[in-house]
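[1] please work out how this folds:
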Amino acid sequence: MKRLISSNMACTMKDTFYLSHGSPTLSIDESLPARHFLRSWKDKVFGQTPKSILVISGHWDTTFPAVNIVQRNDTIYDFYGFPDRMYKLKYPAPGAPELALRVKELLMASGFKRVDEDRERGLDHGAWVPLMLMYPEADIPVCQLSVQSKRDGTYHYNLGKALAPLKDEGVLIIGSGATTHNLRALRNLGGAVVPWASEFDSWLKDALLQGRFEDVNHFQEKAPHAKMAHPWPDHFYPLHVAMGAAAENAKAKLIHHSWDLGALSYASYQFTTDS
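    As a prediction, the model looks like this:
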């Protein structure tokens, strides 16, 4: 298949990112530090303007990898029981059909035998909530790629490795999930953090900053309280994709850290590839 995105017309991206999008209330709650972090994105975190954005969200979980191929992204309200004004928010970013087909091409060339095309799906809140804060103009084309929660971390790391060429084509790769994601454990503890969440979060930070990516791939065996932090791994695997797309010698950096409801970590990471 002919290359669909010309690399000589787009700037190279050295960085990939994993963002913890936490609660859907991130879309409206000014008290959340993570909201202010994301709103400062273009000024303080990442000043480049990507040609397009690929988001791997924990809220799209499929048996096989899937990309959404649409001309204009609908806003999906995949949450329940929140304030009415959240259901009126819109993020009508253009779709990125050429990017979607390029993602499919790269994955299949790397041995992923099946990649599905969804020609109706828009952006779930794991994508549009952070993007609404980062790029409020909604003028950058966005494509989503699903996770496969019945697979493991190494599988998703390899998924990311297959996507690495996109960085040279002006594509910003973002994994969106939650560093800890046990919704049944959330409580208002007045700012305190439960020990198991803190210990898992600290282990992950040390592993990433020390370059122990293989340990992170096998977090379910290596990390303390892994099953408690992620009873279901859908929100953690976007990290593995971002990590894999960065390259084996990439340097990880903690770019934001805050907590909510005692056990929900908003830790977010940047992976920078050496020149």
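[2] got the buried residues for stretch 224-236?
    By neighbour count on 16 or more other CB atoms under 10 Å, the buried set for stretch 224-236 is His225, Ala226, Met228, Ala229, His230, Pro233, Asp234, His235, Phe236. Every residue, glycine included, has its C-beta placed from N, CA and C.
[3] got it, and stretch 262-274?
    Within stretch 262-274, judged by 16+ other CB under 10 Å, the buried ones are Gly262, Ala263, Leu264, Ser265, Tyr266, Ala267, Ser268, Tyr269, Gln270, Phe271, Thr273.
[4] now do the same contact list for the residue nearest to the third one when sequence neighbours are not counted.
    For Leu264, ignoring the flanking residues on the chain, the nearest one in space by CB to CB, 6 or more residues apart in numbering is Gly22 at 5.5 Å. For Gly22, the contact set (CB atoms under 8 Å, 6 or more residues apart in numbering) comprises Leu32, Ala34, Ala178, Asp260, Leu264, Tyr266.
[5] one more time with 6 Å
    Applying CB atoms under 6 Å, 6 or more residues apart in numbering to Gly22 gives the contacts Ala34, Ala178, Leu264, Tyr266.
[6] just Thr16 next, same as before
    Each residue near Thr16 by CB under 6 Å, 6+ apart is listed here: Ile173, Ala242, Ala245, Ala246, Phe271.
[7] show me where the stretch 101-250 of the chain has helices.
    125-134, 153-163, 195-209, 213-217, 219-222, 226-229, 237-246 (DSSP state H, counting those that start in this stretch).
[8] pull out the buried positions in the fifth one.
    Residues Phe219 are the ones in helix 219-222 that count as buried (16+ other CB under 10 Å).
[9] excluding its backbone neighbours, what's nearest Ala245?
    Gly160 (3.9 Å).
[10] how far away is that neighbour from Tyr87?
    33 Å (CB to CB, to the nearest Å).
[11] have a look at these two and say which one is more surrounded.
    Gly160 (25 against 10; other CB atoms under 10 Å).
[12] surely the more buried one meets Val241?
    Yes. If you go by CB atoms under 6 Å, Gly160 and Val241 touch, sitting 4.0 Å apart.
[13] what does the pLDDT read for the closest residue to Glu120 other than its chain neighbours?
    Excluding the flanking residues, the one nearest Glu120 by CB to CB, 6+ apart is Val70, at 7.1 Å. Note for Val70: predicted pLDDT of 98.
[14] check the secondary structure at Val70 for me.
    The assignment at Val70 comes out as coil when based on DSSP: H, G, I helix; E, B strand; the rest coil.
[15] flag the shaky bits of the stretch 101-250 of the chain, pLDDT-wise.
    By pLDDT under 70, the stretch 101-250 of the chain has no low-scoring segment.
[16] neighbours of the nearest residue to Ser258 once chain neighbours are set aside, how many?
    Closest residue in space to Ser258, ignoring its immediate chain neighbours: Pro33 at 4.1 Å, by CB to CB, 6+ apart. For Pro33, the neighbour count with other CB under 10 Å is 13.
[17] again, but for Lys150
    That count, for Lys150 with other CB under 10 Å as the rule, works out to 12.
[18] contact partners for it?
    Not one residue lies near Lys150 by CB under 6 Å, 6+ apart.
[19] ok, 8 Å please
    Here Lys150 is in contact with Thr63 (CB under 8 Å, 6+ apart).
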